[in-house]
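Student: no sequence on this one, just coordinates:
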């Protein structure tokens, strides 16, 4: 459960730091959020492979990871003149994507059986018919 909440919490904290003009601290939170977002994207992908969710959730997780990396790259210390508005907008969009992932995870799980069990059941049915 914590691995699903941690990226959103870190991104929200980075957003609050941006609002409070603590952009260096926001960059630190973003750099911590990137590995956590990667773990979340892998977790969502694993759920899709086990047929517990659709392919939308891993896509949203991957897109949010890309937006986090973009936001961290845009606020690099090499950029002079403050944080670009696109970097903050990417944070807000990432929070919206994490909200969509959370809403999707709260819904009922898909009731389809995993692919391996479908294959086994099909092979068993074929051998029964042949006998």
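Tutor: Nice, I can see it. Worth saying up front: this structure is predicted, and the values here are computed from it rather than measured.

Student: And the helices in the chain, which stretches?
Tutor: 2-19, 23-49, 56-74, 85-106, 115-130 (DSSP state H).

Student: Turn these into TSV, including mean neighbour count and mean pLDDT.
Tutor: All C-beta spots, glycine's among them, are computed from the backbone N, C-alpha and C. TSV is the format used below for those (neighbours: other C-beta atoms under 10 Å; pLDDT from 0 to 100):
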stretch	mean neighbour count	mean pLDDT
helix 2-19	18	88
helix 23-49	18	87
helix 56-74	19	88
helix 85-106	17	87
helix 115-130	10	69
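
Student: Show the contacting residues for residue 16.
Tutor: Listed by C-beta atoms under 8 Å, 6 or more residues apart in numbering, residue 16 has no contact partners.

Student: Residue 87 versus that one, what's the distance?
Tutor: 15 Å (C-beta to C-beta, to the nearest Å).

Student: ok, now residue 75?
Tutor: Noted for residue 75: a distance of 5 Å to residue 87, by C-beta to C-beta.

Student: Residue 122 now?
Tutor: Separation of residue 122 from residue 87 (C-beta to C-beta): 50 Å.

Student: Kindly report the same for residue 77.
Tutor: Distance from residue 77 to residue 87, by C-beta to C-beta: 13 Å.

Student: do the same with residue 70
Tutor: For residue 70, the distance to residue 87 (C-beta to C-beta) stands at 8 Å.

Student: Fine by me, we can end here.
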